[in-house]
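J.: Got a sequence here, can you build the structure:
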Amino acid sequence: MQVTLSETDRQELKRWESAHRTPQQVAQRCRIILAAAKGGQDKDIAGSMQINYKTVALWRQRFCSEGPDCLWEVAIGRGRKPQLTSEKIEKVIHATLQTRPTGATHWSCRTMAEKQGVSKATINRIWQSHGLQPHRIKQFKLSRDPKFLEKLTDVVGLYLNPPEKALVLCVEEKSQIQALDRTQPGLPLKKGRCGTVTHDYKRNGTTCLFAAL
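T.: From the prediction side, this is the model:
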């Protein structure tokens with residue numbers, strides 16, 4: 001059974017393996033998976049680590065079927081308790097659907113992981129299993145202007161066939177500063193459905209100047 005690691009999982013396993021507070025048995029399991037991901041065979045890995053090859057085969061199989069979090073599992077009543085509980089999963093889902101990070105438009109795996117105290121790989125698996133994609137949105141814009149199509153044709157026509165020596169000026173926002181408030185409310189993110197937003201922001205008086213019109 002071939003072990004394939006994403007770059008996120010690879011970095012996470014390396015961090016666990018080298019952390020001082022990681023239990024030795026968990027660090028050993030991380031080394032097994034890292035070696036297996038490089039193409040090592042069970043007996044070769046077992047020989048280099050001086051452990052039973054059946055142990056290598058067991059954790060190779062479990063990792064492929066359950067993912068990185070299984071490496072932390074220990075016998076009931078001993079060692080570190082499992083990190084991921086149903087309560088934690090509910091907190092992650094609630095925070096994803098009902099809150100936003102300060103100064104940003106949506107949660108990322110990194111910011112949510114820092115907020116919830118779990119790994120980025122764990123957040124990614126929770127989102128995937130519940131059909132959540134905070135980074136994806138659908139844009140919309142509804143205009144009540146009865147002359148909207150006429151104005152749209154004028155603007156598009158200006159770009160497609162501008163008059164000679166036409167000049168268009170545009171006042172743009174400052175670089176590295178993003179407007180966050182949209183001109184119309186959108187629909188929130190739900191399981192299996194992207195959130196929706198208008199394509200434009202509240203500019204507080206800043207508008208594009210189509211001087212050639």
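
J.: so what's residue 91 up against?
T.: residue 116 (CB atoms under 8 Å, 6 or more residues apart in numbering). Every C-beta, even on glycine, is put in place using the N, C-alpha and C of the backbone.

J.: swap in residue 161?
T.: No contacts exist for residue 161 under CB under 8 Å, 6+ apart.

J.: Please tell me how far it sits from residue 69.
T.: 59 Å (CB to CB, to the nearest Å).

J.: Would you map out the domains in the chain?
T.: 7-72, 86-129, 136-213 (automatic domain parsing).

J.: Figure out which of those domains is closest to residue 1.
T.: Of all the domains of the chain, domain 7-72 sits nearest to residue 1, with 5.4 Å by CB to CB.

J.: Endpoints of that closest one, how far apart?
T.: Terminal residues of domain 7-72 are spaced 20 Å apart (CA to CA, to the nearest Å).

J.: what's the average pLDDT for that domain?
T.: Averaging pLDDT along domain 7-72 gives 91.

J.: Save the domains of the chain as TSV, and put in distance to residue 1 too.
T.: Below are the domains of the chain laid out as TSV (distance: least, CB to CB, whole Å):
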stretch	distance to residue 1
domain 7-72	5
domain 86-129	19
domain 136-213	31
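
J.: in this structure, which spans are strands?
T.: Taking DSSP state E as the criterion, the chain carries its strands at 137-140, 169-170, 195-198, 208-209.

J.: Going by mean pLDDT, which of those strands comes out lowest?
T.: The bottom spot among the strands of the chain, by mean pLDDT, belongs to strand 208-209, with a mean of 48.
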